[in-house]
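Q: compute the structure for the input listed below.
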Amino acid sequence: MTQTSTRPRRSALYLPASNGKALAKARTLPCDVVILDLEDAVAPDSKAIAREQAVAAIVEGGFGSRELIVRVNGLDTEWGADDLASLAHCRPDAILVPKVACCADVEGYAARIASTTPVWVMIETAASLFRLDEIAGAERVAALVMGTNDLAKEMGAQPGPDRLPFVGALGLAVAAARAHGIAILDGVYNDLEDDAGFSVQTRQAVEFGFDGKTLIHPRQIDLCHAAFLPDDTEVAWANRIIDAFAMPENAAKGAIRVDGKMVERLHLQHAHRVLAASR
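A: Here you go, the predicted model:
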């Protein structure tokens, strides 16, 4: 089981790697994660230049503490194999793979990705919803990313900000990620002018237990962070849990009592995530 990182991933901004200006601007944005996109956001005739610019951006660096991820094209396309081959030596923080339906699909990508590079997986096919446990538990998978646009298209669903058609799928995806100790990010919100709807959906993501949300525009970053920022009560409780487990008499215990409540080590992991988010 991979242990979930306490690294903040509240905001993960997709940027088309074909857009040089966007790549330069990404180095100044306050998002936690930058996803250089070679897939959906890039037109077919721009795939090659996007790949070249993504590799150049990784080699050049300058992204600071931001986690740098590349979403590649599917291996069933004419670009996928070349994407993976080009990324083999520049080593982004992770490679995000699309259109996965089962564990075998994940293994097909992992076999072409450097052994030290984590694999992130898009959950965006109807078939993947029935194999969440095996996908989340696949070797080298470090995160799941919801692709709600593709899910809606494939299912014929018409979700509003409350995403009622996806409530079951979102909950099960979070459960699968937590069962295997990996991260999970929510899908994008498409209406850039609807701040109220974005806030409703992002708050829903917090309630479900997502680590963060994927974004399609820089203006969504601050709204996203506001939703994922723990309040003072949450931070104080997290500190009490961490302090309690740090006491010598609790070092070997799996469960302890804190302020009259039973607390397990899984709560300790969550407490560290809360503090990371608060910082």
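Q: give me the distance between residue 137 and residue 125.
A: 18 Å (CB to CB, to the nearest Å). (Each C-beta comes from the backbone N, C-alpha and C, glycine too.)
Q: neighbour count winner among those two?
A: Shown here are residue 137 and residue 125; by other CB atoms under 10 Å, residue 125 has more neighbours (20 against 17).
Q: that one reaches residue 153, doesn't it?
A: No - applying CB atoms under 8 Å as the test, residue 125 and residue 153 come out as separate, 10.3 Å apart.
Q: middle-most residue in the chain, spatially?
A: What sits nearest the mean C-alpha location of the chain, by CA atoms, centre = their mean, is residue 185, with 3.5 Å.
Q: contact partners of the helix or strand encompassing it?
A: Residue 185 is part of strand 183-186, with elements assigned from DSSP states H and E. The contact list for strand 183-186, computed with CB atoms under 8 Å, 6 or more residues apart in numbering, reads 4-5, 9, 12, 33, 142-146, 148, 170, 173-174, 177-178, 201-202, 205, 208-214.
Q: show me those residues that map onto helices.
A: Among the contacts of strand 183-186, the members found in helices (DSSP state H) are 148, 170, 173, 174, 177, 178, 201, 202, 205, 208.
Q: roughly how far apart are the fourth one and residue 180?
A: Same thing as residue 174. With CB to CB as the criterion, residue 174 and residue 180 are 11 Å apart.
Q: the first one too?
A: When CB to CB is applied, the distance between residue 148 and residue 180 equals 21 Å.
Q: neighbours of residue 68, how many?
A: Neighbours of residue 68 using other CB under 10 Å come to 19.
Q: quick one: strands adjacent to the strand or helix carrying it?
A: Here residue 68, judged by DSSP H and E, is contained in strand 67-71. In the sheet, strand 67-71 lines up against strand 33-37 (parallel), strand 94-97 (parallel) (DSSP bridges).
Q: next SSE after the longest one?
A: Beyond strand 33-37 in the direction of the C-terminus, DSSP H and E gives the next helix or strand as helix 47-60.
Q: chain center to that following helix, what's the gap?
A: Put simply, helix 47-60 sits 21 Å off its chain's centre (CA atoms, centre = their mean, to the nearest Å).
Q: kindly report the same for stretch 262-274.
A: How far stretch 262-274 lies from its chain's middle: 20 Å, per CA atoms, centre = their mean.
Q: am I right that residue 21 is in a strand?
A: No - judged by DSSP: H, G, I helix; E, B strand; the rest coil, residue 21 forms no part of a strand; its state is helix.
Q: so how many other residues sit close to it?
A: Residues near residue 21, counting by other CB under 10 Å: 8.
Q: now it: how far from residue 57?
A: 12 Å.
Q: and residue 1, what pLDDT?
A: pLDDT, residue 1: 40.
Q: cool, residue 6 as well?
A: Note on residue 6: pLDDT of 65.
Q: with residue 113 instead?
A: pLDDT, read off for residue 113, is 95.
Q: can you classify it by secondary structure?
A: Look at residue 113: counting by three-state DSSP, its state is coil.
Q: and the worst-scoring helix or strand of the chain on mean pLDDT, what does it pack onto?
A: Using mean pLDDT, DSSP states H and E, the weakest-scoring helix or strand in the chain turns out to be helix 265-278, at a mean of 84. Of the remaining helices and strands, those touching helix 265-278 by 3 or more CB pairs under 8 Å, 6 or more residues apart in numbering; DSSP states H and E are helix 232-246.
Q: what's the helix it packs on in contact with?
A: With CB under 8 Å, 6+ apart as the test, helix 232-246 has contacts from 230, 250-251, 253, 256, 258-259, 263, 265, 267-268, 270-272, 274-275, 278.
Q: any weak-confidence spans in the stretch 1-150 of the chain?
A: Where the stretch 1-150 of the chain drops to pLDDT under 70, the residues are 1-6.
Q: repeat the analysis, applying 90 as the threshold.
A: With pLDDT under 90 as the threshold, the stretch 1-150 of the chain has low-confidence stretches at 1-8, 89, 91.
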